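**Q** My questions concern the predicted model and sequence given below.
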Amino acid sequence: MATEGPLALVGGDELNPGNEPVDTLLVEAAGGGPAFVLATAAARQGAAQAVRNAQRWFEGLGLEVEELPATKASHVSDPDLVARARAGRFFYLVGGDPGLVPKILRGSEMWSAIVDAWRGSAVLAGSSAGAMAMGGWTLIRERMPGDSKRRYGDALSLVPGIAVLPHFDTFGKGWVDSALERAPSGTTLVGIDERTGALWTEGAWRTLGAGSVTTITATERRTFATGAEIDAMPAPLTAP
């Protein structure tokens with residue numbers, strides 16, 4: 001029987017009304033234990049504001065969260081911060097720059113501690129760039145801000161074989177052609193609408209929230225409405 005906690009990949013517009021179906025479930029699963037927000041993806045765009053937004057939002061849902069500093073290499077190797085991560089019961093990675101989260105967390109002691117905590121039943125969630133980092137690859141702008149062409153960069157590979165396309169009901173759907181053209185063999189693109197989560201719990205993925213989740217491969221495209229089991233996504237790595 002699975003012992004890992006819920007894993008949520010959220011399509012963006014996080015920490016705003018409309019996210020209650022996913023976030024209420026995550027708050028309840030945290031059980032009141034140490035709860036952290038990681039503003040890694042927002043390191044260049046206002047990490048402090050992202051943390052304040054998370055604290056305001058989750059306080060309204062009954063959970064007090066604090067920052068787990070993870071915006072530079074010295075943070076993710078700091079023994080005290082790694083120990084805090086190991087004891088955590090709730091981790092939320094905000095959106096921002098898709099390339100920063102793997103760059104800072106990949107292979108780090110902190111990420112290892114977070115994954116161990118999740119495998120021991122803690123909650124783990126990422127939105128937009130935070131969700132993108134959970135896959136096998138993250139999609140990074142080819143040249144300039146706003147460029148719809150994306151190149152593949154190695155991500156954290158907690159969910160191998162996927163690349164997440166967040167904001168799929170708005171601008172994210174514009175990445176599909178470029179992402180498919182360059183996709184490594186066997187890749188599943190996972191388009192997630194804003195205020196919507198692909199939620200792993202009790203050994204299966206399902207859609208939860210305002211929109212839908214769309215899986216795309218070279219040969220097939222499927223859409224899963226809220227409440228549906230997403231049987232086209234690979235399981236996360238629930239064991240080392």
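**A** Done, it's in.

**Q** For Leu156, which non-adjacent residue is spatially closest?
**A** Among residues not flanking Leu156 along the chain, Ala133 sits closest, at 5.2 Å (Cβ to Cβ, 6 or more residues apart in numbering). Placement of C-beta: from N, CA and C, glycine included.

**Q** hang on, the one you found packs against Leu105?
**A** Yes. Applying Cβ atoms under 8 Å, one finds Ala133 in contact with Leu105, separated by 7.2 Å.

**Q** out of these two, which sits in the busier spot?
**A** Counting neighbours by other Cβ atoms under 10 Å for Ala133 and for Leu105 shows that Ala133 has the greater number, 30 against 23.

**Q** Need the per-residue pLDDT for that one.
**A** Predicted confidence (pLDDT) for Ala133: 97.

**Q** Let me see the backbone angles for it.
**A** phi -70, psi -20 (degrees, to the nearest 10).

**Q** Over to Gly11?
**A** According to degrees, to the nearest 10, Gly11 has phi -80, psi 0.

**Q** Kindly provide the distance from the residue nearest to Leu156 to Thr201.
**A** 20 Å (Cβ to Cβ, to the nearest Å).

**Q** and if you look at Arg182?
**A** 32 Å.

**Q** and stretch 155-162, what's its mean pLDDT?
**A** 97.

**Q** what's next to that stretch, contact-wise?
**A** Under the criterion Cβ atoms under 8 Å, 6 or more residues apart in numbering, residues 7, 9, 101-102, 105-106, 111, 115, 124, 132-138, 163, 186-190, 233-237 lie in contact with stretch 155-162.

**Q** where does the chain have its least confident helix or strand?
**A** Ranking every helix and strand in the chain by mean pLDDT, DSSP states H and E puts strand 150-154 at the bottom, with a mean of 88.

**Q** Show me what counts as buried in it.
**A** Buried residues in strand 150-154, counted by 16 or more other Cβ atoms under 10 Å: Arg150, Arg151, Tyr152, Gly153.

**Q** Same question for stretch 111-123.
**A** Using 16+ other Cβ under 10 Å as the test for burial, stretch 111-123 gives Trp111, Ser112, Ala113, Ile114, Val115, Ala117, Trp118, Arg119, Ser121, Ala122, Val123.

**Q** Could you save those residues as CSV and add columns showing pLDDT?
**A** As requested, the buried residues of stretch 111-123 are exported to CSV (pLDDT from 0 to 100):
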residue, pLDDT
Trp111, 98
Ser112, 98
Ala113, 98
Ile114, 98
Val115, 98
Ala117, 97
Trp118, 98
Arg119, 97
Ser121, 96
Ala122, 98
Val123, 98
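
**Q** what's next to the biggest helix by length in the chain, contact-wise?
**A** For the chain, the helix with the greatest residue count under DSSP state H is helix 47-60. Contacts to helix 47-60, defined as Cβ under 8 Å, 6+ apart, come from residues 14-16, 19, 23, 27, 35, 37, 39, 42, 64-67, 71, 92, 94, 96.
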